[in-house]
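>>> any chance you could fold what I've pasted below:
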Amino acid sequence: MAASYTPKLLTTLREGYSVASFRADAIAGLTVAIVALPLAMALGIASGATPDKGLVTAVIAGFLISALGGSRVQIGGPTGAFVVVIFNVIAQHGYDGLLVATLLAGLILIAAGALRLGRMIKYIPHPVVTGFTAGIAVIIGSSQVKDFLGLSIEHVPAEFIPRWQAYFGAIATVNWVTLGIGVGTLSVIVMLRKLAPKWPGFLIAVVASSLAVALLKLPVDTIGSRFPDMSAGLPMPSLPEFSLAKVAAVLPSAFTIAFLAGIEALLSAVVADGMAGTRHRSDQELIGQGVANLGSALFGGLPATGAIARTATNIRSGAKTPVAGMMHAAFLLLFILFASDLMAYVPMAALAAILFMVAWGMSEYKRFVALLRMPNSDRAVLLLTFGLTVLVDLTVAIGVGVALASLLFMARMAEAVEVDAGIAQESELDAEDMHQRDALPRGVEVFRINGPFFFGVAGELLDTLRRVGSSPKVLILRMRLVPLLDASGVQALAEFVEQARITGARVILSGIRPQPFAMLKRARLGRSSGKLLYTSNYAEALIAAAKIVEEA
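So this is what the prediction gives:
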């Protein structure tokens, strides 16, 4: 148990940390910092904040995620998944509201880790994850059109359709110089990915575009002109203004942030395990993510989580331990302290081009297309989640998507569960199952339940009893193939027993497994209740049934 809550940093240090390991971690940390620098600024701006907020997040949260997380090579910071949520929270509740939501999300993540919910994240249906991820990608891409084209729009609507109406209404105001910078930056990034994938394409493209703007004195928007009061260095930590009304208002967004942080962090950790041959600790990873979000909020930063692309870069750069992620944060801090004046020359169109690439990487279009070839139920969940993400709200999309996927899953499970009163036809069952009614004494009826007995199928047992129409002296329920029984199933069994009692019949459960038996015991339907007779197998049930019939 204690090992599950031990940060991987402590584990690696106990194993022995050499100078060679530090050298490898330092090189990897510098490489990731070079990649993260323009990305953090771009994500800060796309979220409706300022570039320095993205950098603060990358430094504080990035350091804490590596120091306290459950993965050896995870890199944390601001990610595209949060852009939509952050933008909406700031628009509705101000930046203080975002800080409160981030603090609450941190507490939720810590609680989730403490309650060992780390492994539960993997049960989120794949169509839901793909749908809202692709939806976020579309929103991120559409949010950058103004800066990429240099459109003259005083206020860009937050909603998707009104936003594009505003774009089309202002299409005549395209700044061709700005568009040229954006296209040039995008071309450099794409070209470097093909010809020199190991080079830091984002940074090279941003430096090239910044030099072009500064040397040629091009009339385009830059970070300096858009954010003239951007602060250098780290702010002092402080708590945002709290009130019960504000907490209640941002709580749904806090759960969404925690949900996204947990999903992306654990997904990134799984990808890292596959690449590096390691094994992460999911519960400790959630706790580390929670502490990192608390720290980021205290320093005025944004929500943070594990970043798959930066984590992959860290591994490919030779990272050995979590120290690499901590070094990445340290190098970013040095950039902030000593290169903030140079950042003012970065053109907004260049950052828009970077975010186009981020959106394309997030879209997972191959998975999206593959899911469109799946059954109608999966396709419906995918498209509904995607549509709600783009057109309505991410929180609504996740809630509706998970609820619909769960209902469809339960419907499929209910179809798969059998309450059989006839002769079994399944070839994989043994001879006892194939002839379950052959040796029945007169006045005895038998049912076999095959599959999890949960609320989706609980009524089937009572319906089957009604269809029999007779009033037997003994009812045998064969439970050997029931691995799970929930509260609704227990209630159905209790009603079944009560109806049998009214008609003067006894109920025998044969071959019941530990989990169903424990549930019945909790409901006071155990052996000591006298309401049910338990036998270890069907043969014993037949003997007990014959005895009851004789005594009657």
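>>> so how far is the host helix or strand of V396 from its chain's centroid?
Using DSSP states H and E, V396 falls within helix 394-416. Chain-centre distance of helix 394-416: 15 Å, with Cα atoms, centre = their mean, to the nearest Å.
>>> buried residues in it, which are they?
Neighbour-count burial for helix 394-416 flags 394-395, 397-402, 404-405, 408, 414 (criterion: 16 or more other Cβ atoms under 10 Å). Backbone N, C-alpha and C define where each C-beta goes, glycine included.
>>> spit out the contact partners of F299.
Counting by Cβ atoms under 8 Å, 6 or more residues apart in numbering, F299 touches 56, 60, 234-235, 237.
>>> thinking again about what came up before, for the helix holding V396, packing partners?
helix 83-114, helix 126-143, helix 244-276, helix 376-391 (3 or more Cβ pairs under 8 Å, 6 or more residues apart in numbering; DSSP states H and E).
>>> heading C-terminal from the worst-scoring helix or strand of the chain on mean pLDDT, find the next helix or strand.
Least confident helix or strand of the chain, by mean pLDDT, DSSP states H and E, is helix 431-434 with a mean of 50. For helix 431-434, the succeeding helix or strand toward the C-terminus, using DSSP H and E, is strand 444-450.
>>> so what strands line up beside that next one?
strand 418-420 (antiparallel), strand 474-481 (parallel) (DSSP bridges).
>>> of all the contacts of F299, which comes closest to V83?
V56 (16.4 Å; Cβ to Cβ).
>>> any idea how far V250 is from the closest one?
From V56 across to V250, the span is 20 Å (Cβ to Cβ, to the nearest Å).
>>> for burial, what's the neighbour tally of the spatially closest residue to I161 that is not a sequence neighbour?
What sits nearest to I161 in space, not counting adjacent residues and going by Cβ to Cβ, 6 or more residues apart in numbering, is L391, at 7.2 Å. Using other Cβ atoms under 10 Å, L391 has 14 neighbouring residues.
>>> test my guess that L391 contacts F160.
Yes - if you go by Cβ atoms under 8 Å, L391 and F160 touch, sitting 5.7 Å apart.
>>> so V56 and V250 - more neighbours on which side?
V56 (27 against 24).
>>> my guess is that one meets S296, correct?
Yes - using Cβ under 8 Å, V56 is in contact with S296, at 7.3 Å.
>>> in strands, which of the contacts of F299 fall?
Within the contacts of F299, no residue falls in strands by DSSP state E.
>>> which of the residues you listed count as buried?
56, 60, 234.
>>> next one: stretch 171-180 to chain centre, how far?
Per Cα atoms, centre = their mean, the centroid offset for stretch 171-180 relative to its chain is 38 Å.
>>> residues in contact with that stretch?
By Cβ under 8 Å, 6+ apart, stretch 171-180 touches 147-153, 218-221, 347-349.
>>> could you identify the most distant pair in those?
I153 and L218 (20.3 Å).
>>> in the protein, which ranges drop under the pLDDT threshold?
Counting by pLDDT under 70, the chain contains low-confidence ranges at 1-3, 121-123, 394, 412-439, 454-470, 552.
>>> try it again with 50
Applying pLDDT under 50 to the chain flags the ranges 422-432, 434.
>>> give me the most central residue, it.
I263 (2.3 Å; Cα atoms, centre = their mean).
>>> confirm for me that it is in contact with M120.
No - judged on Cβ under 8 Å, I263 makes no contact with M120 at a distance of 10.9 Å.
>>> re earlier: how close does the residue nearest to the centre of the chain get to V402?
I263 is 11 Å from V402, by Cβ to Cβ.
>>> now the common contact residues for these two.
With Cβ under 8 Å, 6+ apart, I263 and V402 have common neighbours I124.
>>> contacts only, for I181.
209, 212-213, 218, 220, 347, 349-350.
>>> got those as a markdown table, with secondary structure columns?
As requested, the contacts of I181 are exported to a markdown table (DSSP: H, G, I helix; E, B strand; the rest coil):
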| residue | secondary structure |
| --- | --- |
| S209 | helix |
| A212 | helix |
| V213 | helix |
| L218 | coil |
| V220 | coil |
| P347 | strand |
| A349 | helix |
| A350 | helix |
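>>> between those, which sits nearest I308?
A350 (22.9 Å).
>>> you'd agree that closest one is up against T185?
Yes - assessed by Cβ under 8 Å, A350 is found in contact with T185 at 4.3 Å.
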